[in-house]
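>>> Whatever this is, show me its structure:
(4 chains, ligands or ions: 4)
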Amino acid sequence: MADTTQAGAPAEAEGGADGHHPTQQEYIRIAVVLAILTALEVSTYYFEFGRAALPLLIVLMAIKFVMVAGFFMHLRFDTKLFGRFLYTGLAWAVVLYTLTLLVFVVDANQ
Amino acid sequence: MSVATHETSMGLDHRKLAMWIFLASEFLFFGAFVSAYLLYLDTTNRGPGVEIFDIPFTSVSSFVLLMSSLTMVLAHNSHVRGDMRGMRLWILATAGQGMVFLGGQVYEFTVFFREGLDLTQSPFASSFFFLTGFHGAHVFIGVLILLGLYSLSLTGKVKVGQDVKTEMVGLYWHFVDIIWVIIFTVVYLIPELRVGG
Amino acid sequence: MTVRDATPGRRPTTGRRARRTALAAALALVLAACSGEQNALDPAGPYAQAPHDLIIWVFGIAVVVFVLVQGLILFTTWRFRRREGDDAIPAQTHGNTKLEVLWTVIPALILAAISVPTVQLIFEQMDEPEAEYLTVEVIGHRWWFEYYYPDYDIYTANEMAIPVGVPVRLEMTATDLARAADLGVIHSFWIPRLAGKQDLVPGHTTYLNLQADEPGRYLGQCAEYCGLSHANMRARVVALDAGDFEAWVADQTTPADVPAEGTLEARGRELFGDLGARQACASCHAVWEGDGPRGPGQGPDLTNLFSREEFAGAIHDLTPDMLRAWLANPNELKPMQYDVNGIGMPNLNLTDEELDALVAYLMTLD
Amino acid sequence: MAMTTTPTTGAPTPRFRPSSREGILSWIGTTDHKRIGIMYFWTVLVFFAFGGTQSGLIRAQLAQAEQSLITAEIYNQMFTMHGITMVFLVVMPFAAAFFNYLLPLMIGARDVAFPRLNAFSYWFYLFGGVFLYSSFLLGGAPNGSWVGYAPLSANAVSNMAFYAVGLQILGVSSLASAINFITTILNMRAPGMTFMRMPIMVWMTLVTSFLLLFAVPIIAVALFMLQFDAVFGAQFFQPASGGDPLLYQHLFWLFGHPEVYIMILPAMGVVSEVMPVFSRKPLFGYAAMAFAGAAIGFIGFGVWAHHMFTSAIGPVPRAAFSVATMFIAVPTGIKIFNWVFTMWGGKIRFTTAMLFSVGFVSMFTIGGLSGVMHAVVPHNAQQHDTYFVVAHFHYVLFGGALFGFISGVYYWFPKVTGKLMDEKLGKLHFWTWLLGFNLTFGPMHLSGLLGQPRRTAVLPEELGGTVELYNLLSSLGFVVLFGSALVFLYNLIRSLRRGEVSGDDPWDARTLEWMTATPPKPHNFDEIPTITARDEFWHRKYAEDEQHVPVPVPAGASVDTDEHAGHGEHIHMPDASVWPFIHTMGVLPLGYGLVYANWWLIGAGVVWMVAGFFGWIIEPLAEGDDDEPATALAAH
Ligand code: HEA
Ligand code: HEA
Ligand code: CUA
Ligand SMILES: [Cu+2]
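Ligands and ions are numbered 1, 2, ... in the order given. I've put the predicted structure just below:
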């Protein structure tokens, strides 16, 4: 929460970065990167990556996530507050549900 | 000047702020489905399990959805530049890709159904259909909104300078896309590693 | 019967009502736990005693906090009440960091002090008993408890006999149509004087330790809401001296007698196995005669029915009259849902003649 | 009503707007946060009467052992509906009533961020309640307890489909409100109203809204699963096919525990407003109060499994959740002591509002202490699902939430109506309420420890010997409460009709809402005040000398009622709109369709809602409003 933000002082909010929204070409370049990453992901289905596969998939997923959120959703150019909402929600969900699944696993009395 | 755009304490647009707040809560929604799915991964009740997935097929529809994010952002970009024709075009392209994705999902579900995987088969089946189905419902709503945006831009309810509206729709659309980024990995690819392919 | 002999006349009576006339204060009551067979404040075995000792201690702390806070409230409101005509405005204090730190740290310390023994006891209570113990398998049905003693191959229902002074470990789960792993709902087994409760969850096996230090009849009740007749799902533990327990085991492992040909009882036995177009008793209840089926079906095993004092989820005294009323219309004595989802015992529209015969037969089962 | 005016897409301007501020139509179409708050309040009272009646039947049945005034089936429906009603149709919307009415006034705004969404929330709440209660006429009310544990409730034979769908509807309402309030608080504070100058009530609104935001989606999932298990044959919680009933418990309590703080934090907000005013001192430890509230909300998310201590979970989670639970007492304790020290050194005026607030602090502490006792896991196995727990949660909910809210009613009644509530009746109400409350729920501590389980339709004879007296006392307590509630109701209506005129600032209050006209005008403030301090209004009335002793500012107490000061023409308020109402009505066919697995009804409901939504978005917020001038702030 941006509890320190002064009311009526939208300094941070404007971010001053409005003019730097990517251009069409840049968007397309980002999409190409995303496509390549996806191809890499799918390749784990065709090729044997052994124990590297799981971490690789997770890292690729995270990169794609951050790229779409950062560029297409403009998180990189908008106020930090929006990103904080998004990642707070994500983190909260991950923490709560990981704990929940842990309770099913750490279960000596079931 | 409407209330909605009255000068605000943080200098943010109400609607964008509200959309982000809403999206934050959606993680808790989808997270619960994902947890149920992970919990029930092996609870197939003697029915089909993850081996039933058709990864090449799903990869294609995932790719389509991913690319719809590109057209969506291009639509917004056009709107910002005041190019309403371009904006409408990209919106239609986005909605079209959304529909392709949905079509793929309907096809996938029918195939699974024929192979003996339906909602009532097992906890695994229920949680698979719930997770992907609720995501599909989000895409469907997104398509409706896109078409709404398209028609409103024709009637002049959405004009040049009102690109926040396109941006809002875009936020929702991209969000549905990043949820699929997670689902594609967690639901399809990672479990498939164990099947060995 | 040994069981009944061991627990003479422990039915609740109006005599006890006299005792409750005194409205004892909360503190006094909790400390000087009053009696009652289902009273959590009157532990009768180590697995109930340890949590009780812990909570008494925590309760003491709670009382201190209570007295402090309420005293402070009373004092403050009294001391700083506005008096008639006093319109002056008091000094505008905004806070006091030292004080605030104080009432952050002190409660935190108190709670840390509580949590240490709590955590220790959690593990102690759930571990397998160290001494040799008896295992009883418990299955919760809507709305009765089934028990199985793997060491002796004994099936019984609602009343569980245990030897005094020996730890008992319950292995529990829940289903409805016995062992069909279907339709079960969650129940909870709870005999307050012997141990806390533990849920019986379909699809899981849960464990509960208990032990009785004195012979007696300990009452309990299903403690997890399980639908229509949740209130009528009671449990009893009968703790027996070693000798009595052996006798009980011997009795339970003896097959039921087959009544002599031509008697009313024999007629009852015949009906039990065949009611014509109506569902036979034997399709849901087993009576073990040395060979043939053993153990409960949809309903309790009746081989030793009359070794128990109560029936139908231990809500009614087991007397011939009650039994007759039960067979005539089970729903009257205990609401069940046989017509809706097949849970419980159906009304089989028995004639008077059939009722006489069946009751006579069932009375031979002890 | 105009249900027939189905919207035609693309129509330039809707012709259908109630313009009058009187008559039923003006209420249906209202977007004024104050009127919506008032509607919440009266609806809550009606549901409170229902929930109270149900508890009356419960208490009648349990007044003596082995009674059968009502059948087991009816009893089960009664306690289920009692729990659902009190939690979802009374306490939560009661909080919404306060938030709605006060939030914009307290932060110096003209309305909430999304006035029509606000109306939508109210109508969803109302229809959700109507939907739940219609089950009584349609084959039986929900009967699986307010927690609706699977697999019992995931069964077609139970009436719990109504529960699953009904709560889903109420959840949408809460979620929409939460988003609305968060946006409002972040974005619409008056100039100078920094976070650390916001009244605690606003802080609690913010925290509560965040709790809702993150908790409601979880129960939404649980309810969907339950609903599909019960109606459409899904297998989430069916043990026969490997489904795990524990999943439901986790999902429910992941929501359910934050939910209890959703219910208490608003009341804590109310008390934090009332106490300073009647002690004539600022709130003691403002920052600690705000952050303790946030901490309670935060920790409150991590303790859910303390409702499952006797379930099939192992010793490690039991221990972890036990410790986590206990430590909630720390931030709560901070609040308790800060309230007491708010009074310390003050000049306490014992109005009815103040009495209820003091009652809150005292009674809530009792409930909190039994909560800590619950957290002692080994003994929780004795307390769980007994009347000891029933005592605990009535002390925190009734002694806590309801005491706080009623305090708020007495406190803000003059603001809303311009009339004072009768103090004599108020005091009669308070003392009978306090007595009845303790008489009802105090003895439950004992009957619980003496072995009485909850949710049992009869009090067993063999148990009756020890606990019958306590049950009788509880039942008598209900009678006292009932009488007391009638006094309250009479006081409300009487004061509304011919209460003493209050003036704008009857309590010598501290916060912004008292600075404007009473009752406030539709646009709240003629001129949005600029905030320079916490307790802004107080500081406009009093200056402080060196010893922090306030001295009245001569002409400082200028209440913002000066017609000339405002620039009336510039104040542009949203117009009334019936679209939220029309849109929302579609939830009824949708809901019944889901319960009865009727695809036609589901389809009709969806089409209705989509159409209603279209009507909504093509209608400008205010007449002649282009919705977004080219100078839109967000764009550049
Ligand atoms: C408003 C609602 C509300 C609130 C605020 C609370 C507050 C708390 N609750 Fe309660 N609770 C419920 C509503 C609420 N609860 C409901 C509805 C249920 C039953 C649900 C059902 O099954 O139907 C329940 C059940 C419940 C259980 C499960 C019982 C069971 O079924 O077995 C537990 C277990 O730990 C628990 C614990 C607590 C604790 C530790 C707090 C703490 O937050 C309390 C903290 C407060 C204090 C401790 C007092 C003030 C502090 C001080 C004066 C400081 C000094 C104190 C110490 C050092 C101890 N609650
Ligand atoms: C805020 C929440 C709240 C409130 C206020 C109450 C209030 C009361 N409750 Fe509570 N109760 C719950 C929440 C609440 N309850 C919950 C969550 C459960 C658990 C349910 C479950 O197990 O699933 C429960 C369960 C519960 C039980 C346990 C049932 C069981 O386990 O079998 C009992 C038993 O005595 C009980 C009694 C009462 C009584 C006597 C009141 C009284 O205080 C009520 C007093 C109210 C009145 C007297 C109303 C009178 C109103 C008027 C006269 C106004 C008229 C107005 C108009 C006509 C406009 N409740
Ligand atoms: Cu079995 Cu309650
Ligand atoms: Cu809780």
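>>> Helix or strand: which one has residue C:71?
helix C:46-79 (DSSP states H and E).
>>> Buried ones in that helix, by neighbour count?
C:46-52, C:54-55, C:58-59, C:61-62, C:65-66, C:69, C:72-73, C:76-77 (16 or more other Cβ atoms under 10 Å in any protein chain shown). For the C-beta atoms, the positions are set from N, CA and C on the backbone; glycine is no exception.
>>> Averaged pLDDT, the longest helix seen in chain B. What do you get?
Looking across chain B with DSSP state H, the single longest helix is helix B:123-155. For helix B:123-155, mean pLDDT rounds to 93.
>>> The closest residue to ligand 3 within the stretch 301-450 of chain D: neighbour count?
Residue of the stretch 301-450 of chain D nearest ligand 3, by Cβ to the nearest ligand atom: residue D:385 (9.0 Å). Look at residue D:385: counted by other Cβ atoms under 10 Å in any protein chain shown, it has 25 neighbours.
>>> Remind me which helix or strand the one residue in chain C that gets nearest to chain D belongs to.
At 2.2 Å from chain D, residue C:196 is the closest residue in chain C, using Cβ to the nearest Cβ. Assigned by DSSP H and E, residue C:196 belongs to no helix or strand.
>>> any idea how far residue C:122 is from it?
11 Å (Cβ to Cβ, to the nearest Å).
>>> next one: residue D:206
Residue D:206 is 36 Å from residue C:122, by Cβ to Cβ.
>>> re earlier: is there any residue in the longest helix of chain B that contacts chain C?
No - Helix B:123-155 lies out of reach of chain C by Cβ under 8 Å from any Cβ of the partner chain, never closer than 10.4 Å.
>>> What score does the residue nearest to residue D:388 when sequence neighbours are not counted have for pLDDT?
Among residues not flanking residue D:388 along the chain, residue D:448 sits closest, at 3.0 Å (Cβ to Cβ, 6 or more residues apart in numbering or on different chains). You'll see residue D:448 listed with a pLDDT of 94.
>>> Would you agree residue D:448 is in contact with residue D:384?
No - look at residue D:448 against residue D:384 with Cβ atoms under 8 Å: they stay out of range, at 9.8 Å.
>>> What strand or helix carries the closest residue to ligand 2 within chain B?
At 22.4 Å from ligand 2, residue B:32 is the closest residue in chain B, using Cβ to the nearest ligand atom. For residue B:32, the host element (DSSP H and E) is helix B:14-39.
>>> Now do the shared contacts for residue C:196 and residue C:122.
Common contacts of residue C:196 and residue C:122 (Cβ atoms under 8 Å, 6 or more residues apart in numbering or on different chains): residue D:378.
>>> more crowded one of those two?
Higher neighbour count among residue C:196 and residue C:122: residue C:196, with 29 against 25, using other Cβ under 10 Å.
>>> which one is residue D:269 nearest to, not counting chain neighbours?
That would be residue D:204: by Cβ to Cβ, 6+ apart, it lies 3.2 Å from residue D:269.
>>> Just list the residues touching that neighbour, thanks.
Contacts of residue D:204 (Cβ under 8 Å, 6+ apart): D:265-266, D:268-269, D:272, D:293.
>>> so what's residue C:259 closest to, chain neighbours aside?
residue C:265 (3.6 Å).
>>> Go ahead and confirm residue D:296 touches residue D:265.
Yes - Residue D:296 lies in contact with residue D:265 (Cβ under 8 Å); the separation is 6.9 Å.
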